[in-house]
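> Mind looking at a prediction? Sequence and model below.
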Amino acid sequence: MFVEILGFKIYKKKKSQILEHIDSYPKVNIISGNPEILFNGLKNEFLYKNFHEETTLIIPDGVGTVIASKLVKDPVEEKIAGIEVMHEIIGRCNEEGKGIYLLGAKEEVLSECCNKLQLNYPGIKITGRHNGYFDIYNCENIISDIKKGNPYAIFVAMGCPRQEEFIARYMNELPCKVYMGVGGSFDVIAGNVKRAPRWMINLGLEWLYRVSKEPWRIKRLGSIPKFLWMVLMSKGRVN
Ligand code: UDP
C-alpha cells in the first residue's frame, strides 16, 4: 500500500482506489507529497511530526516523488495530482450531499472558484469559505465558522508550508473528516491558472509548463534534485 521514502510513507496504489482508502481513516490529512512539501516536512519539526501521524495520507504528487520511488526500487503505481483527488472527493460529496469548506486564495479567486464548483457540481453544499490572508495563529472566527457548517471535507489553498501548518494545528479540534492542502488549485478551478496539457502531464512535465507560465517558480524547482540526491544517499537505510 505504501512506499517508504526518507522515512515518509507514500501511498503507492492507483488514484481509482483512493476514495476507498480514505474511508479506512477516522479522520485523514491528505498531503500532496511533492519534493517541496516533503522537504518542508523534513525541515520543520512540527510538520515532521504531523506527516508521521496515523491520520496522514501522503500521495505521490509530482514526478520527483515518482522518480524517488523508483530509486528505492518500490515504484508507485502512478503519479497522483492533488487537484484530481480534490475533484474525486468533491464529486463524492456532491453525490452524497456532504458539505465542503474552502479556505484560501484571494477573495476574488475564491469567489470564482465557488461559482465554478457550483456550476460543475450542482448539488454541492459549500458550508462556508474564507480567503487565505489572515493570521493562522489567531483565527478563532474562522475556526468557529468551519465548526458551525460541520463540513465533511476542508480544502486549504494557502501554499506550502502555511496550509500544512494550518491543518496540523487545527485538525484535532475541527469536526471534518477530510483535510487537504491544495496549493494553487483554487486558482486553477477559478480559471485563473491553467493546468498543463494532458500530454505534458502524462510525460511528467507539468513542472515545465508551470515554470514557462510563472518563471519565478524556477527557484522552487531546486527542491527536486536536492530531494532526489537525499533519497539516493539514504537508499541503503530506507530500504
Ligand atoms: N495564498 C494564500 N495565503 C497566503 C499565501 C498564498 O491564500 O498567505 C494562496 C495564493 O493566493 C494561491 C495559493 O495560496 O492561491 C498559492 O498556491 P501556490 O501556487 O504557491 O501553491 P502550489 O500549487 O505551488 O503548491
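Everything's here; your move. Numbering: from 1, shown residues only.

> quick one: average confidence on stretch 177-189?
For stretch 177-189, the mean pLDDT works out to 97.

> what's in contact with that stretch?
For stretch 177-189, contacts defined as CB atoms under 8 Å, 6 or more residues apart in numbering pick out 22, 25-32, 37, 82-83, 85-86, 89, 102, 104-105, 109-110, 113, 116-117, 152-160, 163-164, 167, 171, 193-195. For every residue, glycine as well, the C-beta is placed using N, CA and C.

> out of those, which are inside strands?
In this view, the contacts of stretch 177-189 that belong to strands under DSSP state E are Val28, Asn29, Ile30, Ile31, Ser32, Leu102, Gly104, Ala153, Ile154, Phe155, Val156, Ala157.

> ok, how many other residues are close to the fifth one?
So the one you mean is Ser32. By the criterion of other CB atoms under 10 Å, Ser32 has 27 neighbours.

> Next: the last one.
Each residue near Ala157 was counted by other CB under 10 Å, and the total is 26.

> Who are the contact partners of it?
Ala157 neighbours (CB under 8 Å, 6+ apart): 102-105, 132, 163, 181-187.

> which one is it nearest to, not counting chain neighbours?
Spatial nearest neighbour of Ala157, chain neighbours left out: Gly104 (3.2 Å); criterion: CB to CB, 6 or more residues apart in numbering.

> What strand or helix carries the closest residue to the ligand within the chain?
The chain approaches the ligand most closely through Gly132 (1.9 Å), counting by CB to the nearest ligand atom. Of the helices and strands defined by DSSP states H and E, none includes Gly132.

> At the contact with the ligand, which residues of this protein appear?
Within reach of the ligand by CB under 6 Å from any ligand atom, the chain has these residues: 104-106, 109, 132-133, 157-160, 162, 183-184, 186-187.

> which one of those residues has the most neighbours?
Of all these, the most densely surrounded is Phe186 (32 neighbours; neighbours counted as other CB under 10 Å).

> Can I get the helix or strand where that residue lies as CSV, trimmed to CA atoms?
According to DSSP H and E, Phe186 maps onto helix 185-190. Extracted as CSV, the C-alpha positions of helix 185-190 are listed here (Å, rounded to 0.1, in the frame of the first residue of the first chain):
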residue,chain,number,x,y,z
SER,A,185,-5.9,24.5,-7.0
PHE,A,186,-8.5,27.3,-6.4
ASP,A,187,-6.7,29.4,-9.0
VAL,A,188,-6.9,26.5,-11.5
ILE,A,189,-10.6,25.8,-10.7
ALA,A,190,-11.4,29.6,-10.9
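
> CA atoms only: put whatever helix or strand comes next after it into CSV for me.
As assigned by DSSP H and E, the chain's next helix or strand after helix 185-190 is helix 198-202. Extracted as CSV, the C-alpha positions of helix 198-202 are listed here (Å, rounded to 0.1, in the frame of the first residue of the first chain):
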residue,chain,number,x,y,z
ARG,A,198,-2.7,16.3,-20.8
TRP,A,199,0.3,15.1,-22.9
MET,A,200,2.7,17.2,-20.7
ILE,A,201,1.0,15.8,-17.5
ASN,A,202,1.4,12.3,-18.9
